[in-house]
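**Q** Fold the following.
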Amino acid sequence: MRRGYESSLRINLSNEDRSVLVSWQRSTKIPVGLARRGHIILLLASGEAITDISQIVGIARQHIYKWASRFNSYGVEGLYRAPYPGIRKYKNREIKSALFSILHSPPSEYDINRTSWKLDDLKKCLSEKGIFVSKHVIRAIIKSAGYRWRKAKVVLTSNDPEYKEKLSQIKSILSNMKDDEFFFSVDEFGPFAIKMRGGKRIVAPDEYPYIPQIQKAKGTLIITAALELSQNQTAHFYSKDRNSTEMLRLLEILLKKYKDAKALYISWDSASWHDSRQLHKKVEELNSNDYKKRNGTPTIRLVPLPKSAQFLNVIESVFSGMAKAIIHNSNYQSVEEAIAAINRYFKERNEYFRLHPKKAGNKIWGNERVPSEFSESHNCKDPRW
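**A** All right, here's what the predicted structure looks like:
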């Protein structure tokens, strides 16, 4: 007859896990502690009370709860002690997503009287969400994303007082999109010089690649592009400058390409040429009933990102993937040769996503920093580009 309180823990053991845990009880090579933890899980799965298990196995109740929790979170691997597999919290997707969701907002959003984040503050905010991790884990997650605390040029936090409101607006639009509506992430890449570029490469044993410190550029390029999120399709062209005129040129291209749509949502960062009087005046004209009736074009809706929030601009991820694929280790002999490579990259990327609309797979353009979808926890902007 069972004694003690009935267990409130629920352990669901698969046949495979049960076989592993039972084999631990018979093994003479398994560490005693590991076998004991396996015995705990087997007893819990059979419905034994916590008090009874504590007496049978000879450990305190709180340790039984701890190992049961680890098993439910990580499976059999969770019964190993760190640093064995399954306990590395810095690789946990839920923890990473929660951390960057906090990090991308200013500390004032969490009632912290600071203008920049500290590890202690991040740890406190995570604990308020029910996530308990050490400062070491937080530091490891941030470092693995390519960011460093000492680099002032890497901006992790938006200081926009309307950050939450703008973010909520974008999420609301994306969650209520119709089939005849399209959402575009827009930005420019460059200007960048066409010259010999460095990067890691496979070389022969006696080969030592080098890049001349002083080079004469063969020209420069600015790529202006728009990424349509629902279909993962990019439209791009080459600009002479970064200004409102080039943005209007992009709008004309999108209006022509998506003429049968009902509405086009345009999202970009807070650069001055994205918010000029010239641009707003032209958009007002394009949205007039007379113009739309005469040309049969869709309505344009401008959805600006929060200030200093390039990490939310999804097309930055595409640019980073492009740079890694065809700009690293490049030595194009002319601007025309570089343009041909860029055009081919976007053409092949679009074609791949037409055939595989859900996921990019393992193609080189699939090696972007994050999936081509909007999320406040993403770091779309590679700090190296």
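
**Q** Report the buried residues of the strand ranked longest in the chain.
**A** The single longest strand within the chain, with elements called by DSSP state E, is strand 181-193. For strand 181-193, a neighbour-count test (16 or more other Cβ atoms under 10 Å) marks 181, 182, 183, 184, 185, 186, 187, 188, 189, 192 as buried. C-beta: built from backbone N, CA, C; applies to glycine.

**Q** can you redo those as CSV with pLDDT?
**A** Below are those laid out as CSV (pLDDT from 0 to 100):
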residue, pLDDT
181, 92
182, 92
183, 91
184, 91
185, 91
186, 92
187, 92
188, 93
189, 93
192, 92
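
**Q** Now do the longest strand of the chain: distance to the chain's middle.
**A** Between the centre of strand 181-193 and the centre of its chain there are 17 Å (Cα atoms, centre = their mean, to the nearest Å).

**Q** Restricting to C-alpha, output the next helix or strand after that strand in CSV.
**A** With elements assigned by DSSP states H and E, the helix or strand that comes after strand 181-193 is strand 220-228. Extracted C-alpha coordinates of strand 220-228, given in CSV (Å, rounded to 0.1, in the frame of the first residue of the first chain):
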residue,chain,number,x,y,z
THR,A,220,30.7,51.5,-56.1
LEU,A,221,27.2,50.1,-55.9
ILE,A,222,24.0,50.8,-53.9
ILE,A,223,21.3,48.1,-53.9
THR,A,224,17.8,49.2,-53.2
ALA,A,225,15.5,46.3,-52.5
ALA,A,226,12.1,45.2,-51.1
LEU,A,227,11.4,41.8,-49.6
GLU,A,228,7.7,40.7,-49.8
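
**Q** of all the buried residues of strand 181-193, which comes closest to residue 337?
**A** Distance to residue 337, by Cβ to Cβ, is smallest for residue 192 among these, at 14.4 Å.

**Q** which residue sits closest to that closest one, ignoring its sequence neighbours?
**A** Excluding the flanking residues, the one nearest residue 192 by Cβ to Cβ, 6 or more residues apart in numbering is residue 221, at 6.2 Å.

**Q** check contacts around that neighbour.
**A** Neighbouring residues of residue 221 by Cβ atoms under 8 Å, 6 or more residues apart in numbering: 190, 191, 192, 194, 238, 335, 338, 339, 342.

**Q** doesn't residue 222 make contact with the fifth one?
**A** Translated: residue 238. Yes: with contact defined as Cβ atoms under 8 Å, residue 238 counts as touching residue 222 (6.6 Å).

**Q** What helix or strand is residue 300 located in?
**A** strand 299-302.

**Q** Quick check: neighbours of that strand in the sheet, parallel or antiparallel?
**A** Sheet pairing here is set by DSSP bridges, and for strand 299-302 it gives strand 263-267 (parallel).

**Q** what's the next secondary structure element after the strand it pairs with?
**A** Next in sequence after strand 263-267, counting helices and strands by DSSP H and E, comes helix 277-286.

**Q** Residue 230: neighbour count?
**A** Residue 230 has 14 neighbours, counted by other Cβ atoms under 10 Å.

**Q** what sits against it?
**A** Residues near residue 230 by Cβ under 8 Å, 6+ apart: 177, 182, 183.

**Q** For the residues you listed, could you give me TSV that also reports distance to residue 132?
**A** Converted to TSV, the contacts of residue 230 look like this (distance: Cβ to Cβ, whole Å):
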residue	distance to residue 132
177	37
182	42
183	36
